[in-house]
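J.: okay, predicted coordinates and the sequence, questions at the end:
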Amino acid sequence: MVKLVWEDKNNITSNIDKLKKKYLSDFKKIEILSSSSETHAKKKNFSYKWKNKLFWGENLDVLYYLLNDFEEKIDLIYIDPPFFSGSNYHIKIKDNDLHYDSIAYYDHWEKNIDSYLQMLYERIILFKELLSKKGLIFIHIDWHASHYIRAILDEVFGQNRFVNHIVWYYYNKYSAGKRNLPRGHDDIMCYSKTSNYTFNEIRIQRKKPRKQLKREMVNGVLKNVKGEDGHVVYRIVKDKKMDDVWKIPCMQPASKEWTGFPTQKHHKLLERIIKLGSNEGDLIADFFCGSGTTVLIAEKLKRKWIGCDISEYAIYLTRKRILNFQNNLKETLFPFEVYTKLTEDRQKLLDSSFFNKDLSIKRKK
Ligand SMILES: C[S@@+](CC[C@H](N)C(=O)[O-])C[C@H]1O[C@@H](n2cnc3c(N)ncnc32)[C@H](O)[C@@H]1O
């Protein structure tokens with residue numbers, strides 16, 4: 001089979017067991033949030049002992065840590081990692097009277113594409129270990145590296161585990177192209193762990209109802225249905241099976257869902273992905289969760305979730321979005337716990353009650 005090669009390519013599998021043990025004692029629970037969960041979870045027949053998990057830290061460490069308890073336990077993984085764009089993403093913060101700028105996250109790669117590919121390669125190997133037998137993975141990238149990532153996914157999951165290359169066509173984002181066509185889409189690669197994966201059909205409304213021949217399966221062959229008069233029969237269809245080109249807008253500051261976090265993805269995109277590849281009670285994970293769109297939609301759709309991000313702003317927003325949702329609903333399916341590997345800097349931030357502050361975060365153009 002075709003394999004991609006880059007400088008210092010390293011298949012990390014020989015070290016997995018050692019690293020699983022190494023990270024076991026590193027992560028500490030720093031909070032458990034919300035309390036009214038047990039009866040509601042019981043009512044829904046879910047294991048009420050479950051608590052959703054938000055990790056503040058380097059996701060590679062978190063993946064090794066999770067392998068101790070979650071091998072083949074996660075039903076759907078969606079990631080929206082840095083795209084190898086070469087930019088860093090800035091935000092403006094207002095904290096009472098204090099205004100300052102900060103970097104929300106970095107997308108700069110010292111050793112160029114080689115270090116970027118190695119970063120995703122080693123994580124993709126571990127994602128596969130964590131995915132359940134019915135599991136699906138969705139990797140969200142764009143033109144900068146999608147051609148390479150597809151080859152890596154073929155190598156790790158197998159070419160026959162390719163499910164879809166979804167094109168997210170966002171029609172409302174300005175893209176200047178003088179010597180190329182304006183770029184108007186991202187790529188979401190979907191692969192399965194086995195051939196027996198969860199896949200729910202989604203139907204979407206047609207712009208106009210359409211007259212269609214009525215057909216039925218007869219001995220495994222699709223045939224036109226005929227009426228008593230021997231003529232073919234028509235039906236009016238208002239919806240159609242969703243295909244792999246999704247026309248969904250980019251998040252706009254005017255949206256009430258807007259958090260100010262750069263590259264926040266549209267909730268409708270995550271709704272489709274989660275409904276397509278999982279059922280109520282399934283476990284969803286996003287290891288580059290940013291403002292927490294995936295885990296919020298998982299929570300709304302009554303899935304269990306694990307989120308992770310290295311940026312304190314991402315954890316601040318994710319935590320706040322989930323708490324707001326739970327408070328508005330006045331009931332909680334599951335509580336959630338926040339974990340981190342406590343460093344001096346993180347301890348300082350916790351001591352300053354950073355997560356309980358009322359910050360205003362805005363994307364800096
Ligand atoms: C494109 S953003 C995700 C946006 C998210 N989908 C949303 O809707 O808000 C990528 C995120 O990955 C995080 N990230 C980058 N490298 C990481 C790493 N090694 N470990 C954990 N998080 C990382 C960044 O902090 C950033 O929040």
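T.: That came through, no problem. Model, not experiment: these values are computed from the prediction. Residues are numbered from 1 along each chain as shown.
J.: switch to C-alpha atoms for all contacts and neighbour counts from now on
T.: Fine.
J.: the host helix or strand of H90 pairs with which strands, parallel or anti?
T.: Of the helices and strands defined by DSSP states H and E, H90 is found in strand 88-95. Partners of strand 88-95 in the sheet, by DSSP bridges, are strand 98-106 (antiparallel), strand 360-363 (antiparallel).
J.: any residues touching that strand, and which ones?
T.: 99-108, 260-262, 357-365 (Cα atoms under 8 Å, 6 or more residues apart in numbering).
J.: next one: stretch 51-70
T.: 16, 19-21, 23-24, 27, 123, 126-127, 129-130, 287-288, 304-312, 315, 334-341.
J.: then stretch 117-133?
T.: Stretch 117-133 is contacted from outside by 6, 8-13, 60, 63-64, 66-67, 70-77, 137, 148-149, 152-153, 156-157, 193-194, 196-197, using Cα under 8 Å, 6+ apart.
J.: just to revisit the earlier point, and the strands paired with strand 88-95, which is most packed in?
T.: strand 360-363 (a mean of 18; mean count of other Cα atoms under 10 Å).
J.: how far does that one sit from its chain's centre?
T.: With Cα atoms, centre = their mean, to the nearest Å as the basis, strand 360-363 stands 22 Å off its chain's centre.
J.: ditto for stretch 169-184
T.: Averaged C-alpha coordinates place stretch 169-184 at 24 Å from its chain's average position (Cα atoms, centre = their mean).
J.: if you count neighbours, what's buried in that stretch?
T.: Neighbour-count burial for stretch 169-184 flags Y169, Y170, R183 (criterion: 16 or more other Cα atoms under 10 Å).
J.: isn't the last one up against S175?
T.: Yes: R183 lies in contact with S175 (Cα atoms under 8 Å); the separation is 6.0 Å.
J.: CA atoms only: put the helix or strand where I284 lies into PDB for me.
T.: In this structure, I284 sits in strand 283-286 according to DSSP H and E. Extracted C-alpha coordinates of strand 283-286, given in PDB (Å, rounded to 0.1, in the frame of the first residue of the first chain):
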ATOM      1  CA  LEU A 283     -19.500   8.400  24.400                       C
ATOM      2  CA  ILE A 284     -18.200  11.300  22.200                       C
ATOM      3  CA  ALA A 285     -14.700  12.900  22.500                       C
ATOM      4  CA  ASP A 286     -13.000  16.000  21.100                       C
END
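J.: would you tell me what the next helix or strand after the host helix or strand of M119 is?
T.: Taking DSSP H and E as the definition, M119 sits inside helix 112-130. Sequence order places strand 131-141 as the next helix or strand after helix 112-130, per DSSP H and E.
J.: what's the next helix or strand after that next one packed up against?
T.: Note on strand 131-141: by DSSP H and E, the next helix or strand toward the C-terminus is helix 146-157. Judged by 3 or more Cα pairs under 8 Å, 6 or more residues apart in numbering; DSSP states H and E, helix 146-157 is in contact with helix 112-130, strand 185-192.
J.: quick revisit: just the contacts of stretch 51-70 that are near the ligand?
T.: The subset of the contacts of stretch 51-70 within reach of the ligand, by Cα under 6 Å from any ligand atom, is F288, C308, D309, I310, S311.
J.: shouldn't the first one be in contact with I77?
T.: No: with contacts defined as Cα under 8 Å, F288 does not count as touching I77, sitting 10.4 Å away.
J.: get me the contact residues on the stretch 101-250 of the chain for the ligand.
T.: Y105.
J.: any stretches of the stretch 101-250 of the chain with poor pLDDT?
T.: Within the stretch 101-250 of the chain, the stretches with pLDDT under 70 are 111.
J.: of all of it, which residue lies closest to the ligand?
T.: Scanning the stretch 101-250 of the chain for the residue nearest the ligand gives Y105, at 4.5 Å (criterion: Cα to the nearest ligand atom).
J.: ok, and the closest non-adjacent residue to that residue?
T.: Excluding its sequence neighbours, the residue lying closest to Y105 (Cα to Cα, 6 or more residues apart in numbering) is Y89, at 5.4 Å.
J.: and for P253?
T.: With Cα to Cα, 6+ apart as the criterion, P253 has its nearest non-adjacent residue at 7.3 Å, and that residue is G260.
J.: name the SS class of that neighbour, please.
T.: For G260, the secondary-structure state derived from DSSP: H, G, I helix; E, B strand; the rest coil is coil.
J.: surely it touches K365?
T.: No: if you go by Cα under 8 Å, G260 and K365 don't touch, sitting 11.0 Å apart.
J.: what is the host helix or strand of N327 packed up against?
T.: Taking DSSP H and E as the definition, N327 sits inside helix 312-329. Secondary-structure packing of helix 312-329 (3+ Cα pairs under 8 Å, 6+ apart): strand 52-56, helix 293-300.
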